[in-house]
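Asker: Have a look at this fold, sequence not included:
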């Protein structure tokens, strides 16, 4: 069985040791991020520049890395995992208002029919590889049932939201290495604070614009005149052609035509991206529907075009309005005026853009099944290119 980890790592030295042992962290982020390289972005991030800047949100990763060499189905090599986003953390099982949107449907996100019907999300959002959606969904139901079904049960726990992207170029995807125990662990170990990015959790085996991709996160804090609300984003990036990759307005993909994975497939926008948006702004489901439809704008800035074989699926939720969970009487709700939505829209697109670039910057070169290799975005070359176009932050 592949080894898994979802614990905190306080130092880069310990991280290096865990990497060499095949164990990856679930929370701590010790690698440079996009802003550390001088990549300019619009907007003000929160303290962690992560989805966990939205109070109450917790994230966990379980990362599975085992074996090398020729693919033997059921034995590896294994390059996969699972990531969990808990809207109100492990201590709460209350619902939140939510909405979802698909730009292109060559992918899967379970539970969305009831989410749209009810306007609510009642469980964590989990992201994994394409062939593990079933086991992750079933395990999340079991995890919830073991916690005890509350008297005000509304059906949410039976219809959880689980999404996927395909990691079969690097991972023994038909080996079904993600188990229910991994789901239990990622739920039990989810935490607030810093979020690890790159080759972790569900993003372990993913490819983005022909470079190593995976998990990325970012946040934006609005100014006082706009309510001071926070918008946080987490992406599992596994999409895009190299030719279209754009960072800070610079055609980085065209400037780095080498270091391509030898997949035998054309350089097209293929794969998928899952995006989770969280906010503490008091938004009702119809407003969250408007917010989640702005996610593709951030993807487009980086070069995503919703290609034919890409599954681009997004979910957004608000942690405001605690009485959403009421099952009798009337609920006291607040709503941000529609005329004040623009800053939320802008923040969403900005955070999506930066989260994708953070995923690319954090990811490291990975070799998987049959020696297939996906290269990391080279930091020094990226900085030189940005400098060439006068886009490197001073």
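Answerer: All right, it came through fine. Only a predicted model underlies this, so the values are computations on that prediction, with no experimental measurement involved. Numbering: from 1, shown residues only.
Asker: looking at the chain, which helix or strand does the model trust least?
Answerer: Taking mean pLDDT, DSSP states H and E as the measure, the helices and strands of the chain show their lowest mean at helix 12-20, namely a mean of 36.
Asker: Quick one: list the elements packing against the helix or strand following it.
Answerer: Using DSSP states H and E, the helix or strand that follows helix 12-20 in sequence is strand 58-66. Where contact means 3 or more C-beta pairs under 8 Å, 6 or more residues apart in numbering; DSSP states H and E, strand 58-66 is packed against strand 3-5, strand 78-86, helix 180-188. (Glycine included, C-beta is placed from N, CA and C.)
Asker: hmm, try it at 6 Å
Answerer: Applying 3 or more C-beta pairs under 6 Å, 6 or more residues apart in numbering; DSSP states H and E, one finds that strand 58-66 contacts strand 78-86, helix 180-188.
Asker: Phi and psi next, for residue 328.
Answerer: The phi and psi values for residue 328, taken as degrees, to the nearest 10, are phi -150, psi 160.
Asker: What is the burial count for it?
Answerer: 6 (other C-beta atoms under 10 Å).
Asker: Tell me the pLDDT of it.
Answerer: The confidence metric pLDDT takes the value 84 at residue 328.
Asker: how near is it to residue 94?
Answerer: Distance of residue 328 to residue 94, computed by C-beta to C-beta, to the nearest Å: 15 Å.
Asker: Report all helices and strands that the helix or strand residue 310 falls within contacts.
Answerer: Applying DSSP H and E as the criterion places residue 310 in strand 309-318. When contacts are defined as 3+ C-beta pairs under 6 Å, 6+ apart, strand 309-318 packs onto strand 96-105, strand 270-279, helix 285-292.
Asker: Let me know which of these is the nearest to residue 303.
Answerer: Among the helices and strands packed on strand 309-318, the nearest to residue 303 by C-beta to C-beta is strand 270-279 (11.5 Å).
Asker: Residues in contact with that closest one: which ones?
Answerer: 51, 54, 57, 85, 107, 125, 127, 163, 165, 231-239, 295, 307, 309-318, 348 (C-beta atoms under 6 Å, 6 or more residues apart in numbering).
Asker: Next, the angle from it to strand 78-86.
Answerer: 20 degrees (axes from the mean of the first three to the mean of the last three C-alpha atoms, to 10 degrees).
Asker: Now strand 270-279: average pLDDT?
Answerer: Strand 270-279 comes out at a mean pLDDT of 94.
Asker: can you redo the helices and strands packed on strand 309-318 as TSV with distance to residue 196?
Answerer: Output for these, formatted as TSV (distance: least, C-beta to C-beta, whole Å):
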stretch	distance to residue 196
strand 96-105	24
strand 270-279	15
helix 285-292	25
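Asker: residues contacting the residue nearest in space to the middle of the chain?
Answerer: Nearest residue to the geometric centre of the chain (C-alpha atoms, centre = their mean): residue 235, 2.6 Å. By C-beta under 6 Å, 6+ apart, the contact set of residue 235 is 216, 275, 355-356.
Asker: next one: residue 82
Answerer: So residue 82 contacts 62, 128, 136, 178, 182, 186, 201-202 (C-beta under 6 Å, 6+ apart).
Asker: just checking, residue 170 touches residue 368?
Answerer: Yes: assessed by C-beta atoms under 6 Å, residue 170 is found in contact with residue 368 at 3.0 Å.
Asker: Between the helices and strands packed on strand 58-66, which one is closest to residue 196.
Answerer: Between residue 196 and the helices and strands packed on strand 58-66, the shortest gap by C-beta to C-beta is with strand 78-86, which sits at 9.5 Å.
Asker: Parallel or antiparallel, which strands does that closest one pair with?
Answerer: Strand 78-86 pairs in its sheet with strand 58-66 (antiparallel), strand 125-129 (antiparallel), by DSSP bridges.
Asker: Please identify the most buried of these.
Answerer: Neighbour counts (mean count of other C-beta atoms under 10 Å) averaged over each of those peak at strand 125-129, with a mean of 29.
Asker: any idea of the mean pLDDT for that strand?
Answerer: For strand 125-129, the mean confidence score works out to 98.
Asker: now this protein, which segments are flagged as low pLDDT?
Answerer: Within the chain, the segments meeting pLDDT under 70 span 1-29, 150-154, 264-267.
Asker: can you name the farthest residue from the center of it?
Answerer: Centroid-distance maximum for the chain: residue 329 at 36.2 Å, with C-alpha atoms, centre = their mean.
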